[in-house]
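# Test case, fold it:
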Amino acid sequence: MLDVDEIPEKPNVNTLDSVISGLFGGLAGLAVGHPFVKVRLQSRELASRYKGTWNCFITTIKQEKFVGLYKGMASPAVGVAGVNALVFGSYTSLMQYQQEYDKDSSSSSEQLPPLRHVLFAGMGAGVITSFVTCPMELVKVQLQSQTQVTAIKGPIDCLKNLYTTGGIRYCFKGMLPTTLRELSFGPYFLTYEFICRIMTTSDPNSINNSTYELSGPKIILAGGSAGIVAWCSTYFADVVKTRIQSEPERYKGFIDCIKSSYRNEGWRIFFRGLTPTILRAFPSNAATFAAYTWTMKLCQSSQLTAVKQQHNKNDAILL
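Predicted structure coming up:
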């Protein structure tokens, strides 16, 4: 029989809950941030077609209406949600692994994990998800870069064409810069956790325990800030990835793309599109963490209800 004080006030985060919450978080972030993706003008073809970010935005709306800003979203709509679920699930698993086997970790389950755990778990989650992200991003970039003459019918057709062209390896064009970019999940989770801890230090009950909760505005601030830091940390890799994936035959690899881009367009090319990316990063990742937190609370609420029901059932049996 469980004593009343043995019923947890807040169930521990488990991998399944994190996966489910990450799924909804990914959908929310995609819905908010996808229109900003095309106007970054990272690919050489898009950069030559438009005069700048604002021109790309206006021209796209005039020619294709507002729905044109969501071109190429069909692939990430499924993929991003799945990838986000994989990111948060992997992150949670790696955090649990470190807490279990790190000799320096606290023996108390209520102690907050060291920030180094957060950084390493985020980077590890990024490496794991890069194997899924790379082909998904390749399809997205190909669809966004195509002209009206191009006969690519959709994500599946695009993937078939890529496979026909160069086999399975061709579907992973840009794998190295994709992996480097996904390492940004380390700074991503680190920034979010750091800001959360700062904003809870004023509450004595929230210090050094894992049950602190933040209000909606604080989650938005922490999530949005985490997105900005993450993108700034590895943005150059995203530019190189986009260039390689938009023109797979043009570059021999990661280093060749860097050298060629620098030689032809200078160092500023590696920061092209950073402004709209930052503008997108805050609302997109704020929405991601808000949806993630909301879904996680629902999952944990159901867990708590189940524990209490079992407790009441045990009491009834004893009576």
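
# Nearest residue to residue 134 in space, please, no chain neighbours.
Distances taken as Cβ to Cβ, 6 or more residues apart in numbering place residue 178 nearest to residue 134, at 4.4 Å, with adjacent residues excluded. C-beta coordinates here come from the backbone N, C-alpha and C atoms, glycine included.

# quick one: low-confidence parts of the stretch 101-250 of the chain?
103-110, 146-151, 201-213 (pLDDT under 70).

# Helices of that one, start to end?
115-145, 155-170, 175-182, 185-200, 216-246 (DSSP state H, counting those that start in this stretch).

# before we move on, the earlier item: count of neighbours near the residue nearest to residue 134?
29 (other Cβ atoms under 10 Å).

# which residues touch it?
130, 133, 134, 137, 237, 241 (Cβ atoms under 8 Å, 6 or more residues apart in numbering).

# For the helices of the stretch 101-250 of the chain, give me a markdown table that also has distance to residue 262.
A markdown table is the format used below for the helices of the stretch 101-250 of the chain (distance: least, Cβ to Cβ, whole Å):
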| stretch | distance to residue 262 |
| --- | --- |
| helix 115-145 | 20 |
| helix 155-170 | 25 |
| helix 175-182 | 14 |
| helix 185-200 | 25 |
| helix 216-246 | 10 |
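
# Find the nearest non-adjacent residue to residue 89, please.
Residue 89's closest residue in space is residue 19 (Cβ to Cβ, 6+ apart), at 3.8 Å.

# Regarding that neighbour, which helix or strand does it belong to?
helix 15-33 (DSSP states H and E).

# Touching, residue 242 and residue 141? I think so.
Yes. With contact defined as Cβ atoms under 8 Å, residue 242 and residue 141 form a contacting pair (5.7 Å).

# Neighbour count for these two, which is higher?
residue 242 (30 against 27).

# and residue 278, what does it touch?
228, 231, 232.

# measure the last one to residue 253 for me?
In this case it means residue 232. 25 Å (Cβ to Cβ, to the nearest Å).

# And these two? Which one has more around it.
residue 232 (16 against 13).

# need the contact list for the more buried one.
Residues counted as contacts of residue 232 (Cβ under 8 Å, 6+ apart) are 274, 278.

# Next one: the residue nearest to residue 134 from residue 129, what distance?
The value you get for residue 178 to residue 129, if Cβ to Cβ is used, is 10 Å.
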